[in-house]
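Q: model this:
(2 chains)
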Amino acid sequence: MSDLQTPAGAPGAASDDAPSTATAAANASSAAAGGGGRSFLPKTTLLRHLLVLALCAVGAVLLLEGTERSTNDQISRIAFYAIAAGGLTLLTGLNGQISLGHGALMAVGAYTTALLLDVEDGEPLPLAVIFLIAVAITAVVGALVGVAAARLHGPYLAGATLALAVGVPGLTLYFSDTLGGEQGINVRAPRAPDWFVDAIEAISGERGQGTKWLAYIAVVSLLITYFLLANLMRSRIGRTWRAVRDQEVAAELAGISLGSWRVLAFVVSAAAAGLAGAVLAIVVRLTAPGSFLPVLSLSLLTAIVIGGLGSLFGALLGSILLVFLPEWARDFGLEVLDMESAQASQAAFVIYGLLLVATMLFAPAGLVGTVRLALLRRRAARAAARADGG
Amino acid sequence: MEEFLSLTLGGVVSGSVYAAFALALVLIWRSTRIVNFAQGSMAAATTFIAVAVIDSGQSYWVGLVVALLAGLVLGAVIERVVIRPVEGGPELNAVIVTLGLFIAIQGAVALIFGVDQRAFVPPFSNIGYEVREGFTLLSLSPNTIWTVGAVLVTMVLLIALFRFTRLGLAMRASAFGQEVARLLGVRVGRMLTLGWALAALVGALAGMLIAGDVSFISPNFMDQLIVFGFVAAVLGGLDSPIGAVVGGLLLGLALSYVRGYLDDSLLGMAALVILVVVLLVRPGGLFSTTPARRA
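A: As a prediction, the model looks like this:
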């Protein structure tokens, strides 16, 4: 049977067959970083990322102040999907480990946040501390899963993490006294502090409360996460992860311990999922097992595959799709096909699935990867033409 | 003691359904090196089709035949249209394609048949036999006998197909070595399509049997079963049909004790623990002899 099995290094094994593989976006990003000759951006990665972060922060404030309450709510939902998808794209795109258990890891973060916010008397801990605790606990769970996952690959890993996604909602039913069973826990959303209300009033003249405060928390969490992840991906650590993904044997010969790097990727990725769960808890104001079914994990996978595996920008694009596509699909089902609401909302999953299959068949590098590869190819063609002419 | 007996019998019954499902996964893995995560959704789809047929006034048996035929067609079409392009490619791509089918088919079932639970009436009574005065063996009923019997007959038929027919030989050849089989005149592409079709048929049967066991179906009622089937297949080593059957029975027993002595809601976690322990201790399955190989 050995001739049937693809070698483990197949995803993105060599740069010249990258277009045919799923992780091409991650490959191309490293290539693009090396090829930027005449750029106006700062030379150091850290400065460049800080500049992008500052621009995004200004853009986010403008976006949040320029839109209505309902759009603010949508932006917060994009934010928590994007945080989780960012962690997943690091794991799957950069390190080649697939995980269908990120929905379950989000549940860990969400339930931790809900329990810590739900204090009988007195004030709960500061929100930042609660978020950090949620991240830490999820990272520990991620480490446990990662130790098991580090030895698995491909379908085995997918099956094991799918089992996690199916198993965790059951735990919330078993410990229904503390975790609220089927109904879940109603989350007491934190109130906006005075300085925030004043600051928002100074910027746009509106009262910054409730939804707006939550949206700011979500967006700030997203920006911090992406800043950290982007630096990590471009660092020595990110390069090591790529080496582990592409050439196991060569990486091991170079002194890289495959197992511990895989576990590290899982821990970082789980930490992001934990933060995403924490943001989800306060934005949705409810943590219930029904929110963390296997389809959540599959939706996250859809987001990163469509966006382009290994690309944070792709993960963000995919997350935007996760928020808006179900609404369009539901409206289409309700108005055009005259369906019931619960039934019409299922149309989104059909589209996710078809998009996943179509992306894999026709553009395995996803949106960002395909565009990037086309640009690279054009640049290469131009360089070749110049070389011929001169 | 009586409870233990009842749980053991119940474990054998549900284990035989897991075994059938694991067998479907193994059939596909052997021929194409792909784990078909869409198997659960496909089985849910064929079961809903059967329910639609039964609701229109036909008997259970007409529904069963329709479900099996629908599975056969669905499996063949899926292999030919979306799986063929990713066969032999990077393993992540194939996994993602089957996961895409997983949600697409599940969504389509919910879109067409609605998200609500539906009652499913099994062909035989679900009431347990009374062994002696005051002791009813809940897990031994006409329906459970039918469940185990149907799985057994299917397995015997499959073994006969692979052992004693030219077609089975050709299918084994193309699973064993595609190049060589092709050189010897086997239509490998057709054999792969047939393998998927047969696997989907076995999956459809498992769907009908599990629906009769739980009496209610919803579009995601097979979510747990795809995990249980996968765990059973891995227990047996993913490559061996006999291993899948033994793995299914072992898993059925283990989960039946968990259900009886702990709680229903822990089934998923128990399956996860079993899977992780097996993969860490014996990655090649319980019966593996070949050492792990690095590419």
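Q: Could you count how many residues lie near B:Leu262?
A: 13 (other CB atoms under 10 Å in any protein chain shown). For glycine as for every other residue, the C-beta is placed from the backbone atoms N, C-alpha and C.
Q: go on, the one 5 residues further on?
A: B:Leu267 has 21 neighbours, counted by other CB under 10 Å.
Q: ok, it touching A:Gly170?
A: Yes: assessed by CB atoms under 8 Å, B:Leu267 is found in contact with A:Gly170 at 6.5 Å.
Q: got a list of what the closest residue to B:Ala233 other than its chain neighbours touches?
A: Counting by CB to CB, 6 or more residues apart in numbering or on different chains, B:Ala22 is the residue found nearest to B:Ala233 once chain neighbours are left out, at 4.0 Å. Contact analysis of B:Ala22 by CB atoms under 8 Å, 6 or more residues apart in numbering or on different chains lists B:229-230, B:232-233, B:236, B:244-245, B:247-248.
Q: Which member of those is positioned nearest B:Met1?
A: Closest approach to B:Met1 among the contacts of B:Ala22 (CB to CB): B:Gly248, at 25.4 Å.
Q: returning to what we had before: surely the residue nearest to B:Ala233 is within a helix?
A: Yes: per DSSP: H, G, I helix; E, B strand; the rest coil, B:Ala22 lies within a helix segment.
Q: In terms of pLDDT, where does it sit?
A: You'll see B:Ala22 listed with a pLDDT of 91.
Q: where's it relative to B:Phe221, distance?
A: Here B:Ala22 is placed at a distance of 18 Å from B:Phe221 (CB to CB, to the nearest Å).
Q: And B:Leu238, by the same measure?
A: 24 Å.
Q: Which one's more surrounded, these two?
A: A count of neighbours by other CB under 10 Å puts B:Leu238 above the other of B:Leu238 and B:Phe221, at 24 against 21.
Q: Local confidence estimate at residue 228?
A: Looking at chain A here, since you left the chain open. pLDDT, A:Leu228: 93.
Q: Please refer instead to chain B.
A: 91.
Q: Spatially nearest residue to the residue of the stretch 151-295 of chain B found nearest chain A (excluding sequence neighbours)?
A: Proximity of the stretch 151-295 of chain B to chain A (CB to the nearest CB) peaks at B:Gly268, 3.3 Å away. Nearest-residue entry for B:Gly268: A:Gly167, 3.3 Å, with adjacent residues in sequence omitted and distances by CB to CB, 6+ apart.
Q: Could you report the neighbour count for A:Leu375?
A: The number of residues packed near A:Leu375 is 12, by other CB under 10 Å.
Q: so what pLDDT did it get?
A: Confidence score, pLDDT, at A:Leu375: 91.
Q: quick one: it and A:Pro42, what's the gap?
A: Between A:Leu375 and A:Pro42 the distance is 21 Å, computed by CB to CB.
Q: Could I get the full set of helices for the stretch 1-150 of chain B?
A: Assigned by DSSP state H, counting those that start in this stretch, the stretch 1-150 of chain B shows helices spanning B:2-32, B:39-55, B:60-78, B:91-113, B:142-164.
Q: how about these in CSV, adding distance to A:Val108?
A: What follows is the helices of the stretch 1-150 of chain B, written out as CSV (distance: least, CB to CB, whole Å):
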stretch, distance to A:Val108
helix B:2-32, 28
helix B:39-55, 25
helix B:60-78, 34
helix B:91-113, 22
helix B:142-164, 37
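Q: So for B:Ile274, which of these sits nearest?
A: B:Ile274 lies closest, by CB to CB, to one member of the helices of the stretch 1-150 of chain B: helix B:2-32, at 11.7 Å.
Q: mind listing what's buried in the closest one?
A: B:6-32 (16 or more other CB atoms under 10 Å in any protein chain shown).
Q: can you check stretch B:235-249 too?
A: B:235-241, B:243-249.
Q: By proximity to chain A, which residue of the stretch 51-200 of chain B wins?
A: For the stretch 51-200 of chain B, the residue closest to chain A is B:Ala104, as judged by CB to the nearest CB, at 2.4 Å.
Q: What about that residue, how many residues nearby?
A: Other residues within reach of B:Ala104, judged by other CB under 10 Å, total 22.
Q: mind listing what it touches?
A: The contact partners of B:Ala104, by CB under 8 Å, 6+ apart, come to A:349-350, A:352-354, A:356-357, B:41.
Q: In JSON lines: the buried residues of stretch B:235-249, plus distance to chain A.
A: Shown next, in JSON lines, are these (distance: CB to the nearest CB, whole Å):
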{"residue": "B:Leu235", "distance to chain A": "12"}
{"residue": "B:Gly236", "distance to chain A": "13"}
{"residue": "B:Gly237", "distance to chain A": "12"}
{"residue": "B:Leu238", "distance to chain A": "8"}
{"residue": "B:Asp239", "distance to chain A": "7"}
{"residue": "B:Ser240", "distance to chain A": "12"}
{"residue": "B:Pro241", "distance to chain A": "14"}
{"residue": "B:Gly243", "distance to chain A": "15"}
{"residue": "B:Ala244", "distance to chain A": "14"}
{"residue": "B:Val245", "distance to chain A": "18"}
{"residue": "B:Val246", "distance to chain A": "18"}
{"residue": "B:Gly247", "distance to chain A": "13"}
{"residue": "B:Gly248", "distance to chain A": "15"}
{"residue": "B:Leu249", "distance to chain A": "19"}
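Q: Quick check: the farthest pair among the residues you listed?
A: Going by CB to CB, the pair spanning the buried residues of stretch B:235-249 furthest: B:Asp239 and B:Leu249, at 17.8 Å.
Q: So for B:Phe135, what's the pLDDT?
A: 68.
Q: Next: A:Ala344.
A: We have a pLDDT of 75 for A:Ala344.
Q: Next up, the contacts around it.
A: A:329-330, A:332-334, A:337, B:111.
Q: before we move on, what about A:Pro289?
A: A:107, A:169-170, A:172-173, A:182, A:184.
Q: Quick one: the contacts of B:Ala22 as JSON lines, columns for secondary structure and distance to A:His102 too.
A: JSON lines is the format used below for the contacts of B:Ala22 (DSSP: H, G, I helix; E, B strand; the rest coil; distance: CB to CB, whole Å):
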{"residue": "B:Gly229", "secondary structure": "helix", "distance to A:His102": "22"}
{"residue": "B:Phe230", "secondary structure": "helix", "distance to A:His102": "18"}
{"residue": "B:Ala232", "secondary structure": "helix", "distance to A:His102": "25"}
{"residue": "B:Ala233", "secondary structure": "helix", "distance to A:His102": "24"}
{"residue": "B:Gly236", "secondary structure": "coil", "distance to A:His102": "28"}
{"residue": "B:Ala244", "secondary structure": "helix", "distance to A:His102": "29"}
{"residue": "B:Val245", "secondary structure": "helix", "distance to A:His102": "33"}
{"residue": "B:Gly247", "secondary structure": "helix", "distance to A:His102": "27"}
{"residue": "B:Gly248", "secondary structure": "helix", "distance to A:His102": "28"}
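Q: Tell me which of those has the lowest pLDDT.
A: For those, the pLDDT minimum is B:Gly236, 84.
Q: Which residue is the nearest non-sequential neighbour of that one?
A: B:Gly243 (2.4 Å).
Q: Next, the angle from the host helix or strand of that neighbour to helix B:2-32.
A: Here B:Gly243, judged by DSSP states H and E, is contained in helix B:241-257. If you take axes from the mean of the first three to the mean of the last three CA atoms, to 10 degrees, helix B:241-257 sits at 150 degrees to helix B:2-32.
Q: on contacts alone, who are the packing partners of helix B:241-257?
A: helix B:2-32, helix B:142-164, helix B:223-235, helix B:267-281 (3 or more CB pairs under 8 Å, 6 or more residues apart in numbering or on different chains; DSSP states H and E).
Q: quick one: contacts of it?
A: Against helix B:241-257 from outside (CB under 8 Å, 6+ apart): B:7-8, B:10-23, B:25-27, B:155, B:158-159, B:228-229, B:231-237, B:267, B:270-271, B:274, B:285-287.
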